[in-house]
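# Curious how this folds, go ahead:
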Amino acid sequence: MSVVDDLRDALGEVLTDPADIAPWARDWTGQYIWQPLCVVRPRSTQEVSAVMKVATAHRAPVVPVGGNTGLAGGTKGEGAIMMSLDRMNRILEIRPEARLAVVEAGVVLEQLHTATAQHGLVFPLTFGAKGSCRVGGFLSTNAGGSNVLRYGNTRDLVLGIEVVLADGRVMNLMSELHKDNSGLNLKHLIIGAEGQLGVITGAVLKLHPRPKAYATAMVAVERLEGALELLNRLQTVTGGAVEAFEYMSGAYIEAYLEHDASARAPFDAPHDINILVEIGALAPRDVTPDADGQVPVVGYLESVLSDLFEEGAIRDAVVAQTEALRIEMWARREAVGPVTLAKGPAVNNDIAVALDKVPVFLDRMAARMEVIDPEGRPLVVSHLGDGNVHYVVQPSRHDPVLMGNIMEAVEEEVMALGGSFSAEHGIGVTKLPSMARRKDKVAIEAMRAIKAALDPLGILNPGKVLPASD
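Residues are numbered from 1 along each chain as shown. Below you'll find the model as predicted:
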């Protein structure tokens, strides 16, 4: 019997018609298009296990897929069994007292946000694709997002996971514990592995109290160093309650306004350095309006901004006085995906450096771009509070050599500053050349050894993350 026949025996339904499998035959960016062998949509961990057992018997490649909103080609699956976890979409438990949620891997992030809000809680991971990305996907890439500054990366928000290994065995790591020192931390090994080591089917996630009030503003500064001064002052005044601190370049704002004719500019006049800052407050003293109706946390933000304006450290500021204006500010930031890809393939760099080295990196890249592609258009957006820079370039022409030169220049400057060429989007296939050029060779050898131990046939998401051996 063929692999498809065996899969039908195990699951019943297997999609093979080109029209049916089309949603799983390309990535969100349109940069990668492929022809899968088939698509399976298991409804349970047991069915995921059955798929992997069939795949092992036939030595057939399997590519797990969640919302398919990645930016590094991590779901490319030519001739592979595409395993969509979209039917495993149940929130099994929300336990407010323990501040945890037990979920299946196909739960959409925004669905989780809605469910936890009903309990006065929040799962604080958030980014532009929240309406389509799924738990298994953002765990597999160790996603970051806009709230890392306060809550940490995905790894910091997970207590336990359930994983199906390449041979179909189920590894139960569904711990609800904040402390568990019983051997190697296999959970952290699987998170961020991009489906190389197993298929995540469930998770126990940490929840946090939902802020009772937000203070949100757009701020224009003369220099990025001044933005970091603003961040540090706000952290001190609010006791570390800054949730997001996002930088958008003037070129990005210009591209955003071109992309959406109905959008408004953040300020009356354009600025090169635009910062979105948000503070989330919980304590009654910070959220209870005073006699004039002023919410104290908003007052803190306005006071700090006023002082910095008097000192000449900031050029302009707009504080959101309504929820509608807050939503408008966030829409500007979260449109980065469609805006940067609006003119076709772009050089999509997702790097990290120390906070105080972000201005140095951008200055160096400005000089490099003048030589490599002076007509190219860098559109820079950054999670400035954690040093993660999305340095996306719309090149002057779609020339693979030119685009490769830009990518290598970014890598050179990042490595010279002690940074990372991949911060939160993963490696997939897009950054395989970067891994081969820049990653420590001993580290790659260790990764290959782990991959071989857990997936000796190499059937889990092959051709991703690890460059081919010499």
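# CA atoms for contacts and neighbours, from now on please.
Noted.
# mind listing what Val3 touches?
54-55, 58, 60 (CA atoms under 8 Å, 6 or more residues apart in numbering).
# Can you verify my assumption that Ile351 contacts His425?
No: assessed by CA atoms under 8 Å, Ile351 is found out of contact with His425, at 9.3 Å.
# Please, where are all the helices along the stretch 1-150 of the chain?
Shown for the stretch 1-150 of the chain, the helices assigned by DSSP state H, counting those that start in this stretch span residues 3-11, 18-21, 45-58, 109-117, 135-140, 148-151.
# from the contacts of Val3, which would you call buried?
Among the contacts of Val3, the ones that count as buried by 16 or more other CA atoms under 10 Å are 54-55, 60.
# now the residues you listed as a markdown table including distance to Thr238 and pLDDT?
Converted to a markdown table, these look like this (distance: CA to CA, whole Å; pLDDT from 0 to 100):
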| residue | distance to Thr238 | pLDDT |
| --- | --- | --- |
| Val54 | 55 | 98 |
| Ala55 | 53 | 98 |
| Ala60 | 54 | 98 |
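# out of those residues, which one sits closest to Ser44?
Ser44 has its nearest neighbour among those in Val54, at 15.7 Å by CA to CA.
# how far away is the closest one from Arg90?
Plainly put, Val54 is 25 Å away from Arg90 if you go by CA to CA, to the nearest Å.
# now do Asp6
27 Å.
# and what of Thr141?
Distance from Thr141 to Arg90, by CA to CA: 21 Å.
# Same question for Ala129.
From Ala129 across to Arg90, the span is 19 Å (CA to CA).
# Give me the neighbour count for Asp17.
11 (other CA atoms under 10 Å).
# try Gly136
For Gly136, the count of nearby residues is 30 (other CA under 10 Å).
# show me where the stretch 301-450 of the chain has helices.
According to DSSP H, counting those that start in this stretch, the helices that the stretch 301-450 of the chain contains are 323-334, 336-340, 358-372, 400-416, 432-438, 441-454.
# and the ones you listed, which is most packed in?
Of all the helices of the stretch 301-450 of the chain, helix 336-340 has the most neighbours on average by mean count of other CA atoms under 10 Å, namely a mean of 19.
# any idea of the mean pLDDT in that helix?
The pLDDT scores in helix 336-340 average 91.
# same deal with stretch 191-199?
Stretch 191-199 comes out at a mean pLDDT of 97.
# For it, buried residues please.
By neighbour count with 16+ other CA under 10 Å, stretch 191-199 contains the buried residues 191-199.
# ditto for stretch 246-266
Neighbour-count burial for stretch 246-266, counted by 16+ other CA under 10 Å, picks out 246-253, 255-256, 259, 266.
# Over to stretch 143-157?
143-155, 157.
# What helix or strand is the residue nearest to Arg150 when sequence neighbours are not counted located in?
Spatially, and ignoring its direct neighbours in sequence, Arg150 is nearest to Glu243 (5.2 Å; CA to CA, 6 or more residues apart in numbering). Using DSSP states H and E, Glu243 sits in strand 242-249.
# Now do that strand against helix 323-334, angle only.
60 degrees (axes from the mean of the first three to the mean of the last three CA atoms, to 10 degrees).
# Quick check: which helices or strands does whichever helix or strand comes after strand 242-249 pack against?
As assigned by DSSP H and E, the chain's next helix or strand after strand 242-249 is helix 250-259. When contacts are defined as 3 or more CA pairs under 8 Å, 6 or more residues apart in numbering; DSSP states H and E, helix 250-259 packs onto helix 336-340, strand 377-383.
# tell me how far helix 250-259 is from the chain's mean position?
In terms of CA atoms, centre = their mean, to the nearest Å, the centre of helix 250-259 is set 22 Å apart from its chain centre.
# neighbour-wise, which of Thr141 and Arg90 wins?
Using other CA under 10 Å as the criterion, Thr141 and Arg90 rank with Thr141 on top: 24 against 17.
# Need phi/psi at that one.
phi -100, psi 0 (degrees, to the nearest 10).
# For Asp350, see how far away it is.
Using CA to CA, one obtains 13 Å as the distance from Thr141 to Asp350.
# Quickly list what's touching both of these two.
424-425.
# contacting residues for the residue minimising distance to the centre of the chain?
For the chain, Ala143 is the residue whose C-alpha lies nearest the centre (CA atoms, centre = their mean; 3.6 Å). Shown in contact with Ala143 (CA under 8 Å, 6+ apart): 153-154, 192, 424-425.
# circling back: how far does the strand holding Glu243 sit from its chain's centre?
Here strand 242-249 is found 15 Å from its chain centre; the criterion is CA atoms, centre = their mean.
# Also stretch 313-329?
Distance of stretch 313-329 from the chain centroid (CA atoms, centre = their mean) equals 24 Å.
# How about stretch 332-348?
Distance of stretch 332-348 from its chain centroid, counting by CA atoms, centre = their mean, is 14 Å.
# what's it in contact with?
By CA under 8 Å, 6+ apart, the list of residues contacting stretch 332-348 reads 29, 31, 127-128, 246, 248, 253, 255-256, 259, 379, 381, 390-395, 398, 403, 406-407.
# Kindly report the same for stretch 206-213.
99-101, 116-117, 120-124, 157-159, 280-282, 287, 295, 297.
# how about 7 Å then?
Residues outside stretch 206-213 that contact it (CA atoms under 7 Å, 6 or more residues apart in numbering): 99-101, 120-123, 157-159, 280-282, 287.
# how about TSV for the residues you listed, with distance to Glu229 and pLDDT added?
Formatted as TSV, those follow (distance: CA to CA, whole Å; pLDDT from 0 to 100):
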residue	distance to Glu229	pLDDT
Arg99	34	98
Leu100	35	98
Ala101	36	98
Gly120	32	96
Leu121	31	98
Val122	28	97
Phe123	29	98
Leu157	28	97
Val158	32	98
Leu159	34	98
Gly280	19	96
Ala281	21	94
Leu282	24	93
Val287	25	91
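# For those residues, work out which two are farthest apart.
Of all pairs drawn from the contacts of stretch 206-213, the greatest distance, 30.0 Å, lies between Leu159 and Val287 (CA to CA).
# neighbour count winner among those two?
Neighbour count, other CA under 10 Å: between Leu159 and Val287, Leu159 has more, with 23 against 20.
# Tell me if I am right that the more buried one is in a strand.
Yes: looking at Leu159 with DSSP: H, G, I helix; E, B strand; the rest coil, it is inside a strand.
# residue contacts, it?
When contacts are counted by CA under 7 Å, 6+ apart, Leu159 touches 175-178, 204-206.
# how does it look with 8 Å?
Going by CA under 8 Å, 6+ apart, Leu159 touches 174-178, 203-206.
# And these, which two are furthest apart?
Most distant of the contacts of Leu159, by CA to CA, are His178 and Ala203, 13.9 Å apart.
# The two: which has the busier surroundings?
A side-by-side neighbour count of His178 and Ala203, using other CA under 10 Å, places Ala203 first with 25 against 10.
# Tally up the residues packed near the closest residue to Cys133 other than its chain neighbours, please.
The spatially closest residue to Cys133, leaving aside those adjacent along the chain, is Gly67, at 4.3 Å (CA to CA, 6+ apart). Gly67: 25 surrounding residues under other CA under 10 Å.
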